[in-house]
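[1] starting from these lines, generate the structure:
(2 chains)
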Amino acid sequence: VQLVESGGGLVQPGKSLKLSCSASGFTFSSYGMHWIRQAPGKGLDWVAYISSSSGTVYADAVKGRFTISRDNAKNTLYLQLNSLKSEDTAIYYCPRRGSSFDYWGQGVMVTVSS
Amino acid sequence: DVVMTQTPVSLSVSLGGQVSISCRSSQSLVHNNGNTYLSWYLQKPGQSPQLLIYKVSNRFSGISDRFSGSGSGTDFTLKISRVEPDDLGVYYCGQGTQYPYTFGAGTKLELK
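    Next comes the predicted model:
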């Protein structure tokens, strides 16, 4: 199992960014996937979930601003981040929903700053 | 939201020693389906978190039997025996019973 996040960077408040998570080594379409973030020096913060059938759940802090989606043909998970705030600055991970959050990527850094 | 409270915040241990980390939830973690979705993760310095234990006491693939999880309802414990240098880092408990999924603040395991 391999998960590789990409798409992060430095972005101004109020702007948008789209993260990707490329999956390999398992049948991506059969698994739900999460996004979890970690602000610098802080703990883990669950962001969003998408089921294998594309049902979604969001944390209140990102509801209406972030959108989780998936493309099973490309074995890729996405997170569209809109109306970014400084408090969204974090490393974003895309763990698989297997036995809990069983496999994690290396994460991608998103920095929201003017 | 379910609040997860971990104690202690930090722990010093000698190599070969044993430690316990406590995790308490503000609500029962027993799901309607009868399962208890309490997991433990280790984040080594500069690395992503890794799953150690799921559903209270099940060791994930490749995890040493030096790690054991126990508990029920709202009170859970992770025990690490014969501590090795590779065990050092921050341990998190997390619940997957109720959205939003939540985590404890972490317990940092250091060498004495």
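[2] and the strands in the chain?
    Because you didn't say which chain, this covers chain A. All strands of chain A, identified by DSSP state E, fall at A:2-6, A:9-11, A:17-24, A:32-38, A:44-50, A:56-58, A:66-71, A:76-81, A:90-93, A:96-98, A:100-101, A:108-112.
[3] nope, chain B
    With DSSP E as the criterion, chain B has strands spanning B:4-7, B:10-13, B:19-25, B:38-43, B:49-54, B:58-59, B:67-72, B:75-80, B:89-95, B:102-103, B:107-111.
[4] before we move on, back to that, need the strands of chain A in JSON lines (columns: mean neighbour count, mean pLDDT and distance to residue B:43).
    For glycine as for every other residue, the C-beta is placed from the backbone atoms N, C-alpha and C. JSON lines is the format used below for the strands of chain A (neighbours: other C-beta atoms under 10 Å in any protein chain shown; pLDDT from 0 to 100; distance: least, C-beta to C-beta, whole Å):
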{"stretch": "strand A:2-6", "mean neighbour count": "17", "mean pLDDT": "98", "distance to residue B:43": "16"}
{"stretch": "strand A:9-11", "mean neighbour count": "14", "mean pLDDT": "98", "distance to residue B:43": "23"}
{"stretch": "strand A:17-24", "mean neighbour count": "19", "mean pLDDT": "98", "distance to residue B:43": "19"}
{"stretch": "strand A:32-38", "mean neighbour count": "22", "mean pLDDT": "98", "distance to residue B:43": "8"}
{"stretch": "strand A:44-50", "mean neighbour count": "23", "mean pLDDT": "98", "distance to residue B:43": "8"}
{"stretch": "strand A:56-58", "mean neighbour count": "17", "mean pLDDT": "98", "distance to residue B:43": "24"}
{"stretch": "strand A:66-71", "mean neighbour count": "18", "mean pLDDT": "98", "distance to residue B:43": "23"}
{"stretch": "strand A:76-81", "mean neighbour count": "21", "mean pLDDT": "98", "distance to residue B:43": "21"}
{"stretch": "strand A:90-93", "mean neighbour count": "22", "mean pLDDT": "98", "distance to residue B:43": "10"}
{"stretch": "strand A:96-98", "mean neighbour count": "19", "mean pLDDT": "89", "distance to residue B:43": "17"}
{"stretch": "strand A:100-101", "mean neighbour count": "25", "mean pLDDT": "92", "distance to residue B:43": "12"}
{"stretch": "strand A:108-112", "mean neighbour count": "18", "mean pLDDT": "98", "distance to residue B:43": "16"}
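[5] how about the residues of chain B by chain A?
    B:37, B:39, B:41, B:48-51, B:54-55, B:58, B:60, B:92, B:94, B:96, B:99-106 (C-beta under 8 Å from any C-beta of the partner chain).
[6] ChimeraX command to pick out the buried ones of these?
    Only the buried entries of the residues of chain B next to chain A go into this ChimeraX selection, using 16 or more other C-beta atoms under 10 Å in any protein chain shown:
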select /B:37,39,41,48,49,50,51,54,55,60,92,94,96,100,101,102,103,104,106
